[in-house]
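> From the sequence below, what's the structure:
(chains A and B)
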Amino acid sequence: MTRKSNHMKKDNPYKVPENYFENLGAQVKEKIKVEELKLNEAEEKQPLIVQLRPYMWMAASVFVLVFAARLILSNFIDPEFKIASFGSDEVQVNTVEIETSTDEEDALFIEEFPDVTDEDIIEYLSDSDIDTDILLANL
Amino acid sequence: MTNKSDDDILEMFREESTKEEAFGLLLKKYQERLYWQIRKIVISHDDTDDVLQNTCVKIWKGLGNFHSKSQLFTWLYRIATNEALSFLKDRRRKSFGSGNGEVEELLLASLESDPYFDGDQAQLELQKAIVQLPEKQRLVFNMKYFDEMKYDEISGILQTSVGALKASYHHAVKKIESFLISKEV
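A predicted model of the protein is given here:
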C-alpha cells in the first residue's frame, strides 16, 4: 500500500511507501546519532601529527623569535665588541705578551731559583733531547 | 497535539533538555513539504529518501545558529533545495557527463521505472516534459505550478529576483506546451 501527498496542490502522480513519513523521524534520529558518534570518534582518533600540531607551532614560534632576536641584536652591537667577544684581541694580546715578556720572566725565574746556573739549564736541556745549537743561539 | 509555532520550536531547540523533542516537532511539521520539494528535483523515491535524511542532519546541525532574518520554512526549503541540487551535480560528475543532457536522461529513466509513480499517461507526459527543462526552470515551474507558491516565497528560497523567476516560469510553460503538442502530433 502506498499513499499520495496532500502537500502538492495540483494532482500529484507520485506516491510514497506506506508509513514512510511515520517512520522518517526515527530514521533521521538514528542517522543523527551515527553522525555524532562518527564526529566524536574522529575528534578522539586524531592522528599524532594533528594532536602535536599546536606544540609544533609553539616550538616553531620560539625558534623564529630566538633567531629574530639574534639577528636584531647583532645589528645593534658594536663591531669591535663583537670581535672581542670571539677572543681575537685576547689571542693577539697573548701573542704580544709571549713575544715581549721574556726578559721579565727570566728575571722572575732567577729570583725564584737563585741556585740554578746557566750550565745546569744547558745540561738539563741536553738531557731532554732538544737541539742545543738552537737553545744556545737564543741565550 | 497542539501545533507549536516556529518560534516556540526554536526556543525549545535551544534548550538542551527539549532539543530532541523540538526537532521531532519540526520534522512532523515540515517533513512532507521538504520531501516533495526534493522529490520533484531528484524524481526517484529512494534518492529523495537519502537526500531528505541528509537534509535533516544538516538542519539539526544548523538550527541552533538560525536567526529569524528569514522565515524558518524558507531556510528549510533552501537547505533541501541545495541538497537536492548537490545530489544531481554529484550524479552528473559521477556519470562523466559534460552537460545537463545525461542527468535529464537519468531522471527520465527514474521516472519511467519508478514504482512510486502512479499517474496516468497524460501525467507521465507532463512529468517527462518537466524533467527535460533546464534545472532553474524546472525548479520554478514545480514550485509555482504544483505548490502554488508566491513569487516572493520562491525568490527567498532560490535567491533569485521575482522578475527573473517570472521569466523562467514563462519560458518553462512555453517549452512544456511545445513538448506536449509535439507528442500529440
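> So which residues of chain A form helices?
Assigned helices in chain A, in chain order: A:20-44, A:48-76, A:79-85, A:88-100, A:102-112, A:118-127, A:132-137 (criterion: DSSP state H).
> Worst mean pLDDT among these?
Within the helices of chain A, the least confident segment by mean pLDDT turns out to be helix A:88-100, at a mean of 50.
> Next, B:Thr81: secondary structure please.
Under DSSP: H, G, I helix; E, B strand; the rest coil, B:Thr81 falls in the helix class.
> Okay, buried residues for the helix or strand of chain B with the lowest mean pLDDT please.
For chain B, counting by mean pLDDT, DSSP states H and E, helix B:100-113 ranks last in confidence among helices and strands (a mean of 74). Along helix B:100-113, these residues count as buried under the neighbour rule (16 or more other Cβ atoms under 10 Å in any protein chain shown): B:Asn100, B:Val103, B:Glu104, B:Leu106, B:Leu107, B:Ser110, B:Leu111. Using the backbone N, CA and C atoms, a C-beta is placed for each residue, glycine as well.
> quick one: is that helix near chain A?
No. Helix B:100-113 stays out of contact with chain A when judged by Cβ under 8 Å from any Cβ of the partner chain, the minimum separation being 9.4 Å.
> which residues touch that helix?
Contacts with helix B:100-113, where a contact means Cβ atoms under 8 Å, 6 or more residues apart in numbering or on different chains, come from B:42-44, B:47, B:88, B:91-92, B:95, B:97, B:117, B:124, B:127-128, B:131-132, B:134-135.
> let's see 10 Å
Applying Cβ atoms under 10 Å, 6 or more residues apart in numbering or on different chains, the set of residues contacting helix B:100-113 from outside is A:13-14, B:41-47, B:88-89, B:91-92, B:95-97, B:117, B:119, B:124, B:127-128, B:130-135, B:138.
> ditto for stretch A:18-28
By Cβ under 10 Å, 6+ apart, stretch A:18-28 touches A:1-3, A:5, A:16-17, B:23-28, B:31-32, B:34-35, B:45, B:48-49, B:52-57, B:59-60, B:116.
> residue in chain B nearest to chain A?
B:Gly119 (2.5 Å; Cβ to the nearest Cβ).
> what about that residue, neighbour count?
The tally of other residues near B:Gly119 (other Cβ atoms under 10 Å in any protein chain shown) stands at 16.
> Show me how the record splits the chain into domains.
In the absence of a named chain, chain A is used. In the assignment given by automatic domain parsing, the structural domains of chain A cover A:1-45, A:47-76, A:87-137.
> That was the other one, I meant chain B.
Residue ranges for the structural domains of chain B, counted by automatic domain parsing, are given in the record as B:1-117, B:119-185.
> and the shortest one, how far from the chain's centre?
On the basis of Cα atoms, centre = their mean, to the nearest Å, the separation between the geometric centre of domain B:119-185 and that of its chain is 13 Å.
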